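Student: Fold the following and give me the result.
(chains A and B, ligands or ions: 3)
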Amino acid sequence: SGLELDSVLPEIREQIEALFPRYPEKRGALLPAIYLVQAKKGYVDEQDARVLAELFDIKPVEVWEVLSFYNMFYTTPQGRHHVHVCTNLPCSLRGSRSLLKSLESHLGIRCGQTTSDGRITLMHEECLGSCGTAPVMRVDGEYVENLNLDEAKRVLDGLG
Amino acid sequence: MITRPQITSYLSEHYGDEAYAELSGYEARGGFEGLRKALRMEPGEIIELVKSAGLRGRGGAGFSAGLKWSFMPSGDDRPKLFVCNGDESEPGSFKDRLIMERGPHQILEGILIGAWAIGASKTYIYIRGEYVESVRRLQQAVDQLYERGYLGRSILRKKGFDHDIVVHSGAGAYICGEETGLLESLEGKKGQPRKKPPFPAQYGAFGLPTTVNNVETFSHVPFILARGVDWFRGIGTEKSPGTTLYGVSGHVERPGLFELPLGTPLREIIEHAGGVRGGRAVKGVIPGGMSMPILPPSDLDVKMADEFLSARGTHLGTGGVMVMDETTCMVRVACVISYFFRDESCGQCTQCREGTGWVNKICERIEAGRGTPADLELLDDVPSIMEGQTICAFADAAAWPIQGLMRHFRGDFETHIAEKKCPFPESFEL
Ligand SMILES: Cc1cc2nc3c(=O)[nH]c(=O)nc-3n(C[C@H](O)[C@H](O)[C@H](O)COP(=O)(O)O)c2cc1C
Ligand code: SF4
Ligand code: FES
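Tutor: Numbers count the residues shown, from 1 in each chain, chains lettered A, B, ... in the order given. Ligands and ions are numbered 1, 2, ... in the order given. The predicted structure follows:
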């Protein structure tokens, strides 16, 4: 898997290095760099962390600590689509937790799991900053607002 | 997708207008008049002006913006930085997202005015990772400013006024909204808050003098410059001038954003949102985002400005108003809140790490009908141990809402324990 990164590295390396001057110290570009790797291969594993560490002149464990601190970084392969249902208070008050349970049974998985065909990873998420249009879910980065169960199922079924 | 608040005032007047997010459209509607005025003033005069306008930070703590700007060291050769806090992850808050998507140039103009005032050479706009649309809009707006000479060297041909802006994405961690957690994150590290002192004005991002302000705080600045202190002070209350974007969520007929003066009575804000759904009665209202203690129905006439809310044991916070109707089980509310704080604690301080875990465990036990009277005592004690003793205010933010629930809805907890089950079958599902 590290080889995958190595093979895309020439291209990514240039993109990453182009970010360095934006920060007084190049380490500032670490989060953006992780996003770039993740955009290419969907997650960042130990081998990738070693390559990034070398590029940033830090220890692999320092990259790893960052990877595990942030919710939006993934260290294992993910489903082709990410579905995150908000379960914070304003969304819960408007039924998001019952909705999430129905989606679990619709997909036949529990929250945190990926469907066996690798199509969807289902997660819950804290407030998405869209409480005025609750309940809300995030599908591959796009917000789907004012959800009801039928609409949510329709969106999920439409994911290839 | 919401494109404008249900009630608008100066800040959001043009948010329904797609062109306003573009530089040309923004200029056509009076944009950058404030900056032009500022560039005819001395930096120190601008700081004094913003101070006398009484602009208070809109990121939660309500600190005077002008006063904060005056803390930046003078006669220091190090480059000075601004940070615009667009992390907005306080549950119940969704105003900054709207400002970033619909009024990006307001924020940038406010930043430039402030940059001239404090002598900052660079601004990092830190936006929570989930807000991809906000990132896209702000990056586009920044690019437009570079093209038109509002950023870079000698801005608007003003010699010696150079400024750069970098848009930076967070990656999903509530604690990165706390200003020193944010600075650590910006440096490419875990977002663990720093011990203070030193304060950011002395030792901020990358060790440089730094001022952190919220997205909305910056957005008010151009209007203050363009229209004047008297105009600004004519809106809101004496101690809290101006408007804010109240975000109303939960059990109301028409949730959404409402731009109204600071000091608007809570009841009126809820009425603007169509009142409680289905004509039900209110059980409780969290007035300022999830960290702020809940209010009982008897407090609905309180004016929504910090000086009045603090007299009722709570705060304005971010102005995120969460309304709960009579069906609501307050122990379930405590479960949701305490889970969030347990999950988001950065773990550096024992009181916070252990306390948030304990509180959540106790709340869930009570909700499941396995609570004991001793658990109630724990819910009295643990939050008070967490409060005021940690590296950052997150532990306070975790303790306050539980203390509020215990103060006003102790009965809900007691009934769960006495009946050994949840007595609110109609409540929202956990
Ligand atoms: C746990 C915690 C989370 C915070 N989250 C945010 C946030 O998401 N956005 C924000 O602007 N301020 C947040 N703050 C407040 C910031 O630390 C800081 O006070 C603020 O950005 C300063 O801007 P202002 O003075 O313009 O309000 C948070 C504070 C704490 C303690
Ligand atoms: S109070 Fe909590 S969130 Fe803040 S530094 Fe301590 S452990 Fe981290
Ligand atoms: S609680 Fe779901 S978007 Fe805020």
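Student: Can you show me the helices along the stretch 1-150 of chain B?
Tutor: Along the stretch 1-150 of chain B, counting by DSSP state H, counting those that start in this stretch, helices occupy B:23-28, B:33-39, B:43-53, B:65-70, B:95-102, B:104-118, B:132-147.
Student: B:His272 is nearest to which of those helices?
Tutor: Go through these one by one with CB to CB and the one that ends up closest to B:His272 is helix B:95-102, at 14.9 Å. The C-beta positions use only the backbone N, C-alpha and C, and glycine is treated the same way.
Student: And the nearest residue to A:Asn146 once chain neighbours are set aside, how close does it get to ligand 1?
Tutor: Leaving out its chain neighbours, the residue that sits closest to A:Asn146 by CB to CB, 6 or more residues apart in numbering or on different chains is A:Thr133, at 5.0 Å. A:Thr133 is 19 Å from ligand 1, where distance means CB to the nearest ligand atom, to the nearest Å.
Student: Would you check that A:Thr133 makes contact with A:Glu145?
Tutor: Yes - between A:Thr133 and A:Glu145 a contact is recorded at 3.6 Å, counting by CB atoms under 8 Å.
Student: Tell me which of the two has more neighbours.
Tutor: A:Thr133 (21 against 16; other CB atoms under 10 Å in any protein chain shown).
Student: Quick check, pLDDT for the more buried one.
Tutor: Looking at A:Thr133, its pLDDT stands at 97.
Student: ditto for the one 3 residues further on
Tutor: At A:Val136 the predicted local distance difference test score is 97.
Student: ok, now the one 5 residues further on?
Tutor: The predicted structure scores A:Gly141 at 90 on the pLDDT scale.
Student: first to last residue in stretch B:419-430, what's the distance?
Tutor: Start and end residues of stretch B:419-430 are separated by 19 Å (CA to CA, to the nearest Å).
Student: for stretch A:126-138, that is, sorry about that
Tutor: End residues of stretch A:126-138 are separated by 11 Å (CA to CA).
Student: Tell me how far it lies from the chain's centre.
Tutor: The chain centre lies 17 Å from the centre of stretch A:126-138; the measure is CA atoms, centre = their mean, to the nearest Å.
Student: so which of the helices of the stretch 1-150 of chain B comes closest to A:His106?
Tutor: helix B:132-147 (26.0 Å).
Student: out of everything not next to it in sequence, what's closest to residue 139?
Tutor: All of this refers to chain A. A:Val139's closest residue in space is A:Val83 (CB to CB, 6+ apart), at 5.4 Å.
Student: meant chain B actually
Tutor: Using CB to CB, 6+ apart, the nearest residue to B:Gln139 is B:Val167, at 4.8 Å.
Student: Am I right that the one you found falls within a strand?
Tutor: Yes - applying DSSP: H, G, I helix; E, B strand; the rest coil, one finds B:Val167 inside a strand.
Student: Point out where chain B drops to low pLDDT.
Tutor: Counting by pLDDT under 70, chain B shows low-confidence ranges at B:1-2.
Student: and if we set it to 80?
Tutor: For chain B, residues meeting the criterion pLDDT under 80 lie at B:1-3.
Student: can you pull out the helices in chain A?
Tutor: A:2-19, A:30-41, A:46-56, A:60-69, A:89-93, A:96-107, A:149-157 (DSSP state H).
Student: most tightly surrounded among those helices?
Tutor: With neighbours defined as mean count of other CB atoms under 10 Å in any protein chain shown, the helices of chain A peak in mean count at helix A:89-93, which reaches a mean of 30.
Student: which residue is nearest the centroid of chain A?
Tutor: Centroid check for chain A by CA atoms, centre = their mean gives A:Met72 as the closest residue, at 4.2 Å.
Student: which phi and psi does that residue have?
Tutor: Here is the backbone geometry of A:Met72 (degrees, to the nearest 10): phi -90, psi 0.
Student: ok, now how distant is it from A:Leu19?
Tutor: 18 Å (CB to CB, to the nearest Å).
Student: residue ranges with poor pLDDT in chain A?
Tutor: In chain A (pLDDT under 80), the answer is A:1-10.
Student: Chain neighbours aside, what residue packs nearest to the closest residue to ligand 2 within chain A?
Tutor: Proximity of chain A to ligand 2 (CB to the nearest ligand atom) peaks at A:Phe69, 11.6 Å away. Of all residues not flanking A:Phe69 in the chain, B:Lys190 sits nearest, at 4.1 Å (CB to CB, 6+ apart).
Student: That neighbour: what secondary structure?
Tutor: coil.
Student: Would you mind listing the buried residues in the longest helix along chain B?
Tutor: Taking DSSP H as the criterion, chain B has its longest helix at helix B:394-419. Using 16 or more other CB atoms under 10 Å in any protein chain shown as the burial criterion, the residues of helix B:394-419 that qualify are B:394-406, B:408-409, B:412-413, B:415-417.
Student: what about the strands in chain B?
Tutor: Listed in chain order, the strands of chain B (DSSP state E) span residues B:80-86, B:120-127, B:164-169, B:210-214, B:243-250, B:256-261, B:282-286, B:320-325.
Student: Next, format those as TSV and append distance to A:Thr115.
Tutor: Shown next, in TSV, are those (distance: least, CB to CB, whole Å):
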stretch	distance to A:Thr115
strand B:80-86	34
strand B:120-127	31
strand B:164-169	28
strand B:210-214	40
strand B:243-250	31
strand B:256-261	34
strand B:282-286	36
strand B:320-325	33
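Student: How about stretch B:328-335 and ligand 3, touching?
Tutor: No - under the criterion of CB under 6 Å from any ligand atom, ligand 3 is not reached by stretch B:328-335; the shortest gap measures 12.6 Å.
Student: is that stretch up against chain A anywhere?
Tutor: Yes - counting by CB under 8 Å from any CB of the partner chain, chain A has neighbours in stretch B:328-335: B:328, B:333.
Student: All set, thanks.
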